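**Q** Predicted coordinates and the sequence they were generated for:
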Amino acid sequence: MCNKYRLGLSRNRLFEFDSTAVFCGKFKSVPEEAEVQKALSMLSCKVPVIASKVELLSDADAFIVTGCVQVKAEFSSLTADEIVHLYEENPLRFCDKLFEFKVSEDGYLVIAGHTVFCDAKSLLRLASYFAGFYSKTELSVEPEEIFTFSEPKSLPVDVISPLVNTLSSE
């Protein structure tokens, strides 16, 4: 099921020069592909934005469209360092997908996310959910709500500050 969420305050991040955030975490043992794909499937239910892309309209409005990208981990013959280097050279294209998941040859889970919707902290949270699903210590796939904060007035009251006002006005 596809849903659309209007991008607002983070829209300027679409065209950043360095637009891909990357997380690397090492598996304790050689990962099993079937278990990785199963955990990723559960993660896509819990965090539906990982199966999304951005749609730009002719009037310059931008929307995150969920449920339109197949989420699957790619098992790579590259090391984690080599995969990270590739993202530095070729960032994610937001019109194709906002997230990618790879398992490196040296046993790392590499999660790449576009900065329009993620940062280091959100990638760490995704990795934590993934680890819970992979190790079967987490079973709840109740979907999380998606917040895009389309307008400054949609920000939670407890985050309003002079700094937030300045940033959101730009």
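**A** Good, I have the coordinates. Numbers count the residues shown, from 1 in each chain.

**Q** give me the element residue 81 is part of.
**A** Using DSSP states H and E, residue 81 sits within helix 80-89.

**Q** Any idea how far that helix is from the middle of the chain?
**A** Taking the mean of its C-alpha atoms, helix 80-89 sits 17 Å from the chain's own mean (CA atoms, centre = their mean, to the nearest Å).

**Q** helices or strands next to the helix or strand following it in the packing?
**A** Following helix 80-89 in sequence order, the next helix or strand is strand 99-103 (DSSP H and E). Other elements packing on strand 99-103 under the criterion 3 or more CB pairs under 8 Å, 6 or more residues apart in numbering; DSSP states H and E are helix 33-46, strand 74-75, strand 108-114. In short, each C-beta sits where N, CA and C put it, glycine included.

**Q** circling back to that earlier point, with just CA atoms, put the helix holding residue 81 into CSV.
**A** Taking Å, rounded to 0.1, in the frame of the first residue of the first chain, the C-alpha atoms of helix 80-89 are listed here in CSV:
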residue,chain,number,x,y,z
ALA,A,80,32.5,-2.7,4.2
ASP,A,81,35.1,0.0,3.6
GLU,A,82,34.8,-0.5,-0.1
ILE,A,83,31.0,-0.3,0.0
VAL,A,84,31.2,2.9,2.1
HIS,A,85,33.6,4.4,-0.4
LEU,A,86,31.2,3.6,-3.2
TYR,A,87,28.5,5.6,-1.4
GLU,A,88,30.9,8.5,-1.1
GLU,A,89,31.4,8.4,-4.9
